[in-house]
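A.B. asks: Just need the structure, nothing else, for what follows:
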Amino acid sequence: MDRPLVVAHGKLVALVASVLQGAGVTTTDEFSRLLAIYAATVSETEPAEGEILALWAQTISEMLPPKATH
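C.D. replies: Purely as a prediction, here's the structure:
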């Protein structure tokens, strides 16, 4: 795996998630959650691809601000 390339693509996917949230289409949290589910599904038949998708979901999740606890 070309890790710098995968990380760069993950940051691009995080930007897209942020733009979608800004446009009111979905939240970055929901986008990350759905991408993680998709990654798990893909990894059943294509482990390397699933790993990349999971890294992208993690990248989005890590950009999220911490959730406030009440």
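
A.B. asks: Now residue 50: closest residue in space, sequence neighbours ignored.
C.D. replies: Counting by CB to CB, 6 or more residues apart in numbering, residue 50 lies nearest to residue 43, which is 2.3 Å off, once chain neighbours are set aside. Quick note: C-beta positions are derived from backbone N, CA and C, even for glycine.

A.B. asks: Do I have it right that that neighbour meets residue 57?
C.D. replies: No. Taking contacts as CB atoms under 8 Å, residue 43 lies outside contact range of residue 57: 11.5 Å.

A.B. asks: And those two? Which one has more around it.
C.D. replies: Each of residue 43 and residue 57 has its neighbours counted (other CB atoms under 10 Å); residue 57 has more, 24 against 16.

A.B. asks: Burial check on residue 1, number of neighbours?
C.D. replies: Look at residue 1: counted by other CB under 10 Å, it has 9 neighbours.

A.B. asks: any idea how far residue 26 is from it?
C.D. replies: 28 Å (CB to CB, to the nearest Å).

A.B. asks: go on, residue 41?
C.D. replies: 19 Å.

A.B. asks: next one: residue 51
C.D. replies: 24 Å.

A.B. asks: which ones are touching the residue nearest to residue 33 when sequence neighbours are not counted?
C.D. replies: Leaving aside its chain neighbours, residue 33 sits nearest to residue 57 (7.8 Å; criterion: CB to CB, 6+ apart). Residues near residue 57 by CB atoms under 8 Å, 6 or more residues apart in numbering: 32-33, 35-36, 39.

A.B. asks: Sweet, I'm off.
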